[in-house]
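Trainee: the amino acid sequence is not available; the structure is as follows:
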């Protein structure tokens with residue numbers, strides 16, 4: 001089984017690092033530049049898991065999570081937050097919005113794949 005990932009981050013470098021890491025691990029990866037772009041790509045991507053940054057232009061990660069959870073499409077997909085932020089209040093806010101996990105940048109590839117496995121059925 002291939003795990004489909006939608007990675008939402010305004011940093012081109014992080015998007016490319018995620019694409020390489022996750023593709024190497026056997027995942028299909030769709031990337032988006034911010035929350036609005038992520039919502040637009042959601043239906044076509046049909047992801048098994050979404051990875052999102054918090055600090056992004058146009059629509060930040062919290063707004064993106066809330067919009068995804070409030071929508072009809074893919075509203076139950078697991079969401080992992082990948083960000084430079086580490087404050088407990090932000091982690092709590094993300095959990096309350098519907099995130100399943102929190103990973104601090106720079107990310108460790110092994111821990112990222114482990115987190116994806118933990119929130120999905122992916123075993124690749």
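Mentor: Perfect, thanks for sending it. This one's a predicted model, so the numbers in the text were calculated from it and none came from an experiment.
Trainee: where's residue 74 relative to residue 41, distance?
Mentor: Per CB to CB, to the nearest Å, residue 74 is found 11 Å from residue 41. No exception for glycine: its C-beta is placed from N, CA and C like everyone else's.
Trainee: can you name the next helix or strand after the strand or helix carrying residue 92?
Mentor: Residue 92 belongs to helix 88-97 when assigned by DSSP states H and E. Following helix 88-97 in sequence order, the next helix or strand is strand 101-104 (DSSP H and E).
Trainee: could you say what helices and strands the helix holding residue 92 packs with?
Mentor: Secondary-structure packing of helix 88-97 (3 or more CB pairs under 8 Å, 6 or more residues apart in numbering; DSSP states H and E): helix 61-70, strand 79-83.
Trainee: apply 7 Å and report the result again.
Mentor: Packing partners of helix 88-97 (3 or more CB pairs under 7 Å, 6 or more residues apart in numbering; DSSP states H and E): helix 61-70.
Trainee: tell me the helices and strands packed up against the helix it packs on.
Mentor: Counting contacts by 3+ CB pairs under 7 Å, 6+ apart, helix 61-70 packs against helix 35-45, strand 49-52, strand 79-83, helix 88-97.
Trainee: and residue 25, which of the ones you listed is closest to it?
Mentor: Distance to residue 25, taken as CB to CB, is lowest for strand 49-52 among those, at 12.0 Å.
Trainee: list the neighbouring strands of the closest one plus their orientation.
Mentor: Using DSSP bridges, strand 49-52 pairs in its sheet with strand 4-8 (parallel), strand 79-83 (parallel).
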